[in-house]
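A.B. asks: model the following, please.
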Amino acid sequence: MPSENIVEISKLRFGFADRELLKGISLTIARGKVVGIMGASGCGKSTLLRLIGGQLVPAGGCVRVDGQVVHELGRDALYQLRRKMGMQFQMGGLFTDLSVFENIAFQMREHTDLPESMIRDLVLMKLAAVGLRGAAQLMPAELSGGMARRVGLARAIALDPMLIMYDEPFSGLDPISCNVIGNLIRRLNDALGATSIVVSYDAAESMKVIDYVYLISDGVVAAAGPTAEIRDSKDPFVRQFLDGAPDGPVPFHYPHDPYQADLGLGSAP
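C.D. replies: Numbers count the residues shown, from 1 in each chain. All right, here's what the predicted structure looks like:
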């Protein structure tokens, strides 16, 4: 019987060069839920998705997806696991020389033996789910930002994945598009019986659709809980993040040497 958690991350460490980004982070993603992973830009949210997908290897700890330790899988086993995942990329990630239809049909042709007639029906079905069946023959350059995100979402659900990951799905969108994307994330997750991870720094939009929140700061989970509980939290870090306050536990300045030293003036008196 499968575990109630589709993703289990334990004491995960990862860094770039001499900067440790994730410092022993632990969290779980329950099946069937829409879970938000939020935090300031540069805190490691997108890196966490790459570790779940196996694009990166941790320096310590482990990531289990559907009971499998991701970084221990061989090439073939990792690719099999990835076929159960859908990904909406932060910058769209569409093939610029393929039409909307062909972008979504691509992985169906790569990973299945379905006849073209069935692929056509499935592609149009996925596009209809995101309200873009009429845009099937458009090229990515002809799409607005919101439309491109919706095509990316249709592609993410093309193979009916068990786990869908969204990397900053609201970034750069107008309020109407944000609302449309948020509603689609919620509706498609429930309709497919999938599990969704929404990585975002947009607390206002994310918290409209997610069931559970993890807030990351300084490489660890700084706060976690059901959406309503986090929204009402009095914790200083949570309040700074949700309210967008400039002053609080999260500093404005990236870690640096004394200003005088950078200017060659020696240390401050």
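A.B. asks: could I get the helix or strand hosting V213 in PDB with only the CA atoms?
C.D. replies: Using DSSP states H and E, the secondary-structure element containing V213 is strand 212-217. Presented in PDB, the C-alpha positions along strand 212-217 are these (Å, rounded to 0.1, in the frame of the first residue of the first chain):
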ATOM      1  CA  TYR A 212      -0.700  23.400   3.300                       C
ATOM      2  CA  VAL A 213       2.300  25.800   3.500                       C
ATOM      3  CA  TYR A 214       6.000  25.500   4.100                       C
ATOM      4  CA  LEU A 215       7.900  28.700   4.500                       C
ATOM      5  CA  ILE A 216      11.700  28.400   3.900                       C
ATOM      6  CA  SER A 217      14.300  30.800   5.400                       C
END
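A.B. asks: show me what that strand is packed up against.
C.D. replies: strand 19-30, strand 34-38, strand 220-226, helix 227-231, helix 236-243 (3 or more Cβ pairs under 8 Å, 6 or more residues apart in numbering; DSSP states H and E). (Glycine included, C-beta is placed from N, CA and C.)
A.B. asks: of all the ones you listed, which lies closest to V100?
C.D. replies: strand 34-38 (25.3 Å; Cβ to Cβ).
A.B. asks: quick one: distance of the next helix or strand after the closest one to the chain centre.
C.D. replies: Sequence-wise, the next helix or strand downstream of strand 34-38 (DSSP H and E) is helix 45-53. Distance, stretch centre to chain centre, for helix 45-53: 8 Å (Cα atoms, centre = their mean, to the nearest Å).
A.B. asks: state the mean pLDDT of the helix or strand that helix 45-53 is followed by.
C.D. replies: Downstream of helix 45-53, the first helix or strand assigned by DSSP H and E is strand 60-65. Mean pLDDT, computed over strand 60-65, is 94.
A.B. asks: before we move on, back to that, quick one: strands adjacent to the strand holding V213?
C.D. replies: strand 34-38 (parallel), strand 220-226 (antiparallel) (DSSP bridges).
A.B. asks: what angle do helix 236-243 and the shortest one make with each other?
C.D. replies: In this case it means strand 34-38. Between strand 34-38 and helix 236-243, the angle comes out at 100 degrees (axes from the mean of the first three to the mean of the last three Cα atoms, to 10 degrees).
A.B. asks: mind listing the strands for the stretch 151-269 of the chain?
C.D. replies: 163-167, 195-200, 212-217, 220-226 (DSSP state E, counting those that start in this stretch).
A.B. asks: now mean pLDDT, mean neighbour count and distance to S46 too, for these, in CSV please.
C.D. replies: Listed next are those as CSV, based on pLDDT from 0 to 100; neighbours: other Cβ atoms under 10 Å; distance: least, Cβ to Cβ, whole Å:
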stretch, mean pLDDT, mean neighbour count, distance to S46
strand 163-167, 93, 24, 5
strand 195-200, 93, 25, 6
strand 212-217, 92, 23, 11
strand 220-226, 91, 16, 16
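A.B. asks: reformat these into a markdown table and put distance to C62 next to each item.
C.D. replies: Formatted as a markdown table, the strands of the stretch 151-269 of the chain follow (distance: least, Cβ to Cβ, whole Å):
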| stretch | distance to C62 |
| --- | --- |
| strand 163-167 | 17 |
| strand 195-200 | 17 |
| strand 212-217 | 17 |
| strand 220-226 | 16 |
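A.B. asks: closest to N179 out of these?
C.D. replies: N179 lies closest to strand 195-200 among the strands of the stretch 151-269 of the chain, at 14.2 Å (Cβ to Cβ).
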